[in-house]
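**Student:** make a model of this:
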Amino acid sequence: MLYKNLNIVNLTPHTINLMVNGEDIAFPSEGNLRVNNGAGKPIPNVQGLPLFGPDVPGNPSMELPAQKNDTIYIVSGVVGPILKEMGRTDVFVPGTGPADEAIRENGQIKAVTRFKRP
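**Tutor:** All right, here's what the predicted structure looks like:
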């Protein structure tokens, strides 16, 4: 999704809502990048890291593209630190911790107020 000249790709399994200055911006899932848990198909070309993803229509597996100046990837809090250790500077995680001021409803996160580096 393009937001203010920045392409933001959500690679979590669900829509991420970001609250910015009272505006709720939805970033729909564009895939599910996750650490191998024994399910899914291997994702090639990720420096030998055991990442797996589900089948995507028209694409047998997901591949994390090369870094671009105008693109960031939103990934889970589990995957983010692994990709950071691999040198990826274009990955961010939803801010869901106590200091992140996530907006909750009935104990569930309704929206985050920031994306942060893992």
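**Student:** CA atoms for contacts and neighbours, from now on please.
**Tutor:** Will do.
**Student:** do you know the pLDDT at the residue lying closest to residue 26 once chain neighbours are set aside?
**Tutor:** Excluding the flanking residues, the one nearest residue 26 by C-alpha to C-alpha, 6 or more residues apart in numbering is residue 17, at 4.4 Å. Residue 17 is assigned 95 on the pLDDT scale.
**Student:** who's in contact with residue 17?
**Tutor:** For residue 17, the residues meeting the contact criterion (C-alpha atoms under 8 Å, 6 or more residues apart in numbering) are 24, 25, 26, 27, 110, 111, 112.
**Student:** may I have the beta-bridge partners of the last one?
**Tutor:** Yep, that's residue 112 we're talking about. Beta-bridge pairing for residue 112 (DSSP bridges): residue 18.
**Student:** okay, now it: neighbour count?
**Tutor:** Per other C-alpha atoms under 10 Å, the neighbour tally for residue 112 reads 22.
**Student:** from residue 86, how far off is it?
**Tutor:** 26 Å (C-alpha to C-alpha, to the nearest Å).
**Student:** around the nearest residue in space to residue 84 that is not next to it in sequence, count how many other residues there are.
**Tutor:** What sits nearest to residue 84 in space, not counting adjacent residues and going by C-alpha to C-alpha, 6+ apart, is residue 118, at 6.8 Å. By other C-alpha under 10 Å, 20 other residues sit near residue 118.
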